[in-house]
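Engineer: One predicted model, sequence on top.
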Amino acid sequence: MSIRFSSAATARQAFLPSSFPLTGNHRLLGWLMAAGLSLSALPTLADAVPTGTVVTANEHGASLTHINLSSDEISTHAIAIAPHNVQISDSGRYLMAVGEPASDDHGHDGGHAHGDTPGKLKLYPSHDPSGAPLASIEVGSHPAHVVSDREGRFAFVTNAGDKSVSVVDLEAKESVATIATGEYPHGLRLSPDGQELYVANVLDGSVSIIDIEAREEVARLPVGQAPVQVGFTPDGTRVFVSLRDENRVAVIDTNRREVVERIEVGRLPIQVHATPDGRYILVANEGSEAEPDNRVSVIALDSLAVVATHEVGAGAHGVSVDDSGRFAFVTSLYDDSLSVIDLEAGAVISRHDTGQGPNGVTWVNH
C-alpha cells in the first residue's frame, strides 16, 4: 500500500514545522494556508513527485521490495537470502543484494545466523523486478553492505563475520580477492574519485581506508563508539560516520585523515547519506526495538548543524537520495515501510509498505 499526503498538509508541514517560532505574521500565514487561500502560489510544492524506482532489502522477510514512484506499483519477491543491503551498481547495470542464506525462521522473528556459513552477493537486472537473479556469488561470513567501483566492474562486500572485504569481479561473477579490515566491518562507501573505500568497523571503533588499486588497507582511523556507516560529501573532502552508541556523527577530514568534529543527532544513528548538491547529510536514527526512534536528522554541510528533523516510521534505518538531491528515501525497520521526504518542501510526502524488516535501500533511475 502507498499513501501520498495531500498538498495542503504537505505545504503546512513544510512551511510551519512544530519547532518553528510563530510570530504574528507567521500565524497569519498559517491561517491562510489552513484555509487553502495560498496554496495556488505553491505549484511546485503541490506537484512535486519523485521518479524512478526504490528497492528495499527486507532482511526479516528474505525479500526485495520494488516501489515504482511514478505509478505507486509495489512488488515484493523472495530471494532466498536475508538481504541486509541492496545497491545499484555505478554502471546502472546491476542491482546488488547481500546477505546470509535465509533460515527457516526468517519472516517470523527475523533471526540472524551470524555463523560461519558463507554469505551471498546476488545480482539482478537493475530494471527488472521479476526477482530472477543473474548470479549468486559466495562471499564471506555475515555480509553487510555492498558498493561497486565507478565502472561497475568490481563490487566490494563487507564481511562482518570475517573482518574483511570481498572483491567481486562482476563480469566473471566470482570473488577474486579479500582485504583485511578492522573488527566487524559494516557500512562502506567509495570515494567520489573512485580511489578509496572507507569502511566502518563497528566493534573496534574505527574506519578502515582501503586503496582500490592496491587492494589493501592503508590506514585505520579511530572515530568513536560503534561506527555503523560512512558517507562522503560530493567533493570528497569529508566523510560523515554514524556513531551508534554515542548518538552522534563524526566528521573526518579526508586530507588530514582525522576526526575534526562530532555532531549530536537522534538515538542510535545508523545510515548516513549526502545529497548530490552538497547541501545536506541525512542521518537515520533507528533507536532500539524496545524504544525505537523515528527521526531523520538533516545536517547542513556549510554549518555542520542539524537544521531539520523529519519523522518517519519506527526504526529509521536506511537512506538513499535521488540524483536531483530533492527526494530522500528512508526505510523503517520496525514499521515495515519506506517514507519519501521532499527536502525542498521540508516534508514527508508519501509512505509505502515494504516487506518485513527493511534495512538497506537504493534509488534506481529509469
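Structural biologist: Okay, I see it.

Engineer: now this structure, which segments are flagged as low pLDDT?
Structural biologist: Applying pLDDT under 70 to the chain flags residues 5-47, 104-115, 131.

Engineer: how near is the residue nearest the centre of it to Ser339?
Structural biologist: The geometric centre of the chain, computed from its C-alpha atoms, lies nearest to Val319 (Cα atoms, centre = their mean), at 2.8 Å. The gap separating Val319 from Ser339 is 10 Å, by Cβ to Cβ, to the nearest Å. Any C-beta I mention is one placed from the backbone N, CA and C, and that applies to glycine too.

Engineer: for Val223, same thing?
Structural biologist: Counting by Cβ to Cβ - Val223 and Ser339 are separated by 28 Å.

Engineer: one step back: for the residue nearest to the centre of the chain, name its beta-bridge partners.
Structural biologist: Beta-bridge partners for Val319, by DSSP bridges, are Val330.

Engineer: And for Arg351?
Structural biologist: Ile3, Ser339.

Engineer: what's near enough to touch it?
Structural biologist: 2-3, 312-313, 337-340 (Cβ atoms under 8 Å, 6 or more residues apart in numbering).

Engineer: Could you do Ser208 as well?
Structural biologist: Contacts of Ser208 by Cβ under 8 Å, 6+ apart are 181-182, 185, 197-199, 201, 217, 219-220.

Engineer: if you look at those, which of them are in strands?
Structural biologist: 185, 197-199, 201, 217, 219-220 (DSSP state E).

Engineer: picking that back up, mutual contacts of Val319 and Ser339, please.
Structural biologist: Listed contacts common to Val319 and Ser339 are 329-330; contacts here mean Cβ under 8 Å, 6+ apart.

Engineer: From Gly119, how far off is Ala82?
Structural biologist: 9 Å.

Engineer: Report the set of residues contacting both of those two.
Structural biologist: Taking Cβ under 8 Å, 6+ apart as the criterion, Ala82 and Gly119 both touch 99-101.

Engineer: Buried subset of these as a ChimeraX selection?
Structural biologist: To isolate the buried members of the shared contacts of Ala82 and Gly119 in ChimeraX, using 16 or more other Cβ atoms under 10 Å:
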select :99,100
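
Engineer: my guess is the residue nearest to the centre of the chain contacts Gln271, does it?
Structural biologist: Yes. If you go by Cβ atoms under 8 Å, Val319 and Gln271 touch, sitting 4.6 Å apart.

Engineer: Identify the contacts common to those two.
Structural biologist: Listed as contacting both Val319 and Gln271 by Cβ under 8 Å, 6+ apart are 283-284.

Engineer: For the contacts of Ser208, pick the one with the most neighbours.
Structural biologist: Highest neighbour count within the contacts of Ser208: Pro185, with 34 neighbours (other Cβ atoms under 10 Å).

Engineer: Run a quick neighbour tally on Glu311.
Structural biologist: 14.

Engineer: Return the residues in contact with the closest residue in space to it that isn't next to it in sequence.
Structural biologist: The shortest distance from Glu311 to any non-neighbouring residue, by Cβ to Cβ, 6 or more residues apart in numbering, is to Asn294 (5.3 Å). The neighbours of Asn294, taking Cβ under 8 Å, 6+ apart as the test, are 285, 287, 311-316, 332, 335.
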